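>>> Next come a sequence and a model predicted from it.
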Amino acid sequence: MRAARFVHGFSRARSLPAGDQRSILNRDSQIHSDRAMPYDSDHAGTVISADPLVIYAMHAPGRPLGIAPAHAAALRGRKALLLLALDATIEVEGAAGELARDLKSAQADLPDVNVVVLANTPFEAYLLADLRISAMPGSRSIFVDESVFKPWDGPAEFDAVYNASLTPANRHELARDVTRLALIYDRDRSNDPNRLDELKAKLPRATFVNHAEGQGAYRHLSPEECDRHINRARVGLCLSRTGATVAAMEYMLAGLPIVSTPSRGGRERYLLPPFCRLVDDNPPAVADAVDVFVRKPVPKAVIRNHALHMLQFERTNFLIAINNLAKEFFGVETLFASFAPFQIGLISPRDPLPMQAPEKAAS
C-alpha cells in the first residue's frame, strides 16, 4: 500500500444521484440504493459513488476493512476506492503498527481495492505514511450533519451534558461535581454488567437519559433525539483522554460551549476559546469550568457559526484531497463537486439494538 499524493484543485461531481446517495452492498454482494444496514453489522457500509466505486466503511477490531471482506466476490477484480474511518485513535504506542499489519493482511484478498485511511489528525496521517499506508485527512467530526444538530430555543434544565458510551475510558466520574448532569450514551459494549450501577453510585445526581426515556430499560436515541437532549443543557463535556470525540462537534452545532480535559486523537483541533475551556483531569476543575459557562453563557448562534466555519474549511480541503485521489486512482477528472454525497450520516450511525431488560434508571 503506497502513500497517496494530493494536488490541490477542485472537480465536478459524477457521483450518485440524490436519491441514490444512501447505498450499501447487501449480503448478496450487489449494489442497491436507498437501503441502509445496521452499522453494528459486519456488512455495514455506504456507497458514496457507484461508478467509479467509492465506499466508506469503519475500521473496528476484527473488521479491519469494514464492509469489504463481506463482499469479496463482488469486489474482486473490480477497481474500487475504500475510505476507511478509524473507530479509535492510533496515536497510542503500537496502534499504528497493529493497524498497518491488519490492513496489509486483509487487503491481500482484495488487490484491486485501494484502501485509504481517513486520519483524524495530521499526526495519524504521518504515522500511517511512515508505514507506507495510504492516508488522507478526514476527521470523523466533519461528517456530522449540521441539519440535524442545531440549537433549540427554551430554558436549559441541566448545567452539562455528556454524550459518550459508558466505558471506563470516557471517565464519567470526572463529572461527579456537576450539580445538574445529563448523560447520553450508546449501550455499553464492554460486557461489564456492573458498569451502569457503578456509575449510578458514583454520579447519584446524574440523569441517565437513555434509561429515563426507556422507563428503566435502555432506549436508543435517534440523532434528532440526541440533539433535543443536548439542547436541554448549557454545556457539553468531553472527558476522555483520546479520540476524535464526534460529540464535540455535535455540541457546538447545537450551540453549546465545551469543557474538555486534555486529549489526543482529534478533538483538540476544534476546541478553541472562547467556546471551550480546557481543564485539569479532576472533578472540581470540570465543575468550576461548567459554572463559568453557566454564569456567563456564550450565545448559541456564535458557537454554531464558529463550528460551521470550521466545517466549511475542513470539508473544502477534504474535497480537494478526495478529488485528486480519485483522479490519481480512477483517472477521473470530475467526481465530487460538493460535500453533499458525504453528508449522509457517515459517522457511526447509531442504529437501535434490542432493548435490554428494565434496569433501575436514575431520574
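Done, it's in.

>>> Check which helices and strands the longest helix anywhere in the chain sits against.
When the chain is parsed with DSSP state H, its longest helix is helix 300-330. Judged by 3 or more CB pairs under 8 Å, 6 or more residues apart in numbering; DSSP states H and E, helix 300-330 is in contact with strand 80-86, strand 135-137, helix 246-253. Using the backbone N, CA and C atoms, a C-beta is placed for each residue, glycine as well.

>>> what's the spacing between Thr285 and Ser139?
Small correction: residue 285 is Ala, not Thr. From Ala285 across to Ser139, the span is 26 Å (CB to CB, to the nearest Å).

>>> I meant to write Leu237 there.
20 Å.

>>> Equivalent analysis for Lys200, please.
Note on Lys200: its distance to Ser139, by CB to CB, is 33 Å.

>>> Compare neighbour counts for those two and give me the winner.
Ser139 (25 against 17; other CB atoms under 10 Å).

>>> who touches that one in this structure?
Ser139 makes contact with Leu118, Ala119, Asn120, Thr121, Ala244, Gly266, Arg269, Glu314 under the criterion CB atoms under 8 Å, 6 or more residues apart in numbering.

>>> Of all those, the one with the weakest confidence?
For these, the weakest pLDDT value sits at Ala244, with 76.

>>> For the residue nearest to that one when sequence neighbours are not counted, give me its contacts.
Excluding the flanking residues, the one nearest Ala244 by CB to CB, 6 or more residues apart in numbering is Gly266, at 3.5 Å. Residues near Gly266 by CB under 8 Å, 6+ apart: Thr89, Asn120, Thr121, Glu124, Ser139, Arg140, Ser141, Gly243, Ala244, Thr245.

>>> Can you tell me which of those residues lies closest to Ala160?
When the contacts of Gly266 are compared for distance to Ala160 (CB to CB), Thr245 wins out at 14.9 Å.

>>> distance of the closest one from Ala88?
From Thr245 to Ala88 the distance is 11 Å (CB to CB).

>>> you'd agree Arg264 is up against Thr245?
No: the pair Arg264 / Thr245 is not scored as a contact, 10.8 Å apart, by CB atoms under 8 Å.

>>> So which of those two has more stuff around it?
Thr245 (29 against 16).

>>> Contacts only, for that one.
Ser141, Ala164, Cys238, Ser263, Gly265, Gly266, Arg267.

>>> Among those, pick out the one closest to Arg63, please.
Gly265 (19.6 Å).

>>> Wait, Leu239 touches Thr261, no?
Yes: using CB under 8 Å, Leu239 is in contact with Thr261, at 5.4 Å.

>>> Spell out which residues are contacts of both of the two.
Common neighbours of Leu239 and Thr261 (CB under 8 Å, 6+ apart) are Arg171, Leu174, Val286.

>>> roughly how far apart are Val290 and Pro257?
9 Å.

>>> Overlap of the contact sets of these two?
The contact lists of Val290 and Pro257 share Arg234, Val235, where a contact means CB under 8 Å, 6+ apart.

>>> Just give the closest residue to Val332, not the sequence neighbours.
Closest to Val332 by CB to CB, 6+ apart is Ala326, at 5.3 Å.

>>> Give me the neighbour count for the one you found.
Around Ala326 there are 22 residues (other CB under 10 Å).

>>> same deal with the one 5 residues further on?
When neighbours are defined as other CB under 10 Å, Gly331 has 8 of them.

>>> Excluding chain neighbours, give the residue nearest to Ala164 in space.
Ala164's closest residue in space is Asn170 (CB to CB, 6+ apart), at 4.1 Å.

>>> Can you verify my assumption that the one you found contacts Leu183?
No: taking CB under 8 Å as the definition, Asn170 is not a contact partner of Leu183, at 10.0 Å.

>>> Between these two, which has more neighbouring residues?
Legend: neighbour count by other CB under 10 Å for Asn170 and Leu183, higher for Leu183 (27 against 22).

>>> Wait, a strand at Leu99?
No: according to DSSP: H, G, I helix; E, B strand; the rest coil, Leu99 belongs to no strand; its state is helix.

>>> who's in contact with the closest residue to it other than its chain neighbours?
Leaving aside its chain neighbours, Leu99 sits nearest to Ile90 (5.5 Å; criterion: CB to CB, 6+ apart). Neighbouring residues of Ile90 by CB under 8 Å, 6+ apart: Ala96, Leu99, Glu124, Leu127, Leu128.

>>> can you check Glu224 too?
Val148 are the contacts of Glu224 under CB under 8 Å, 6+ apart.

>>> in what helix or strand does it lie?
helix 223-230 (DSSP states H and E).

>>> next SSE after that helix?
Using DSSP H and E, the first helix or strand after helix 223-230 is strand 233-238.

>>> quick one: contacts of that following strand?
156-164, 175, 178, 182, 230, 245, 247-248, 250-252, 254, 256-261, 263, 267, 271, 286, 290, 293-294, 297.
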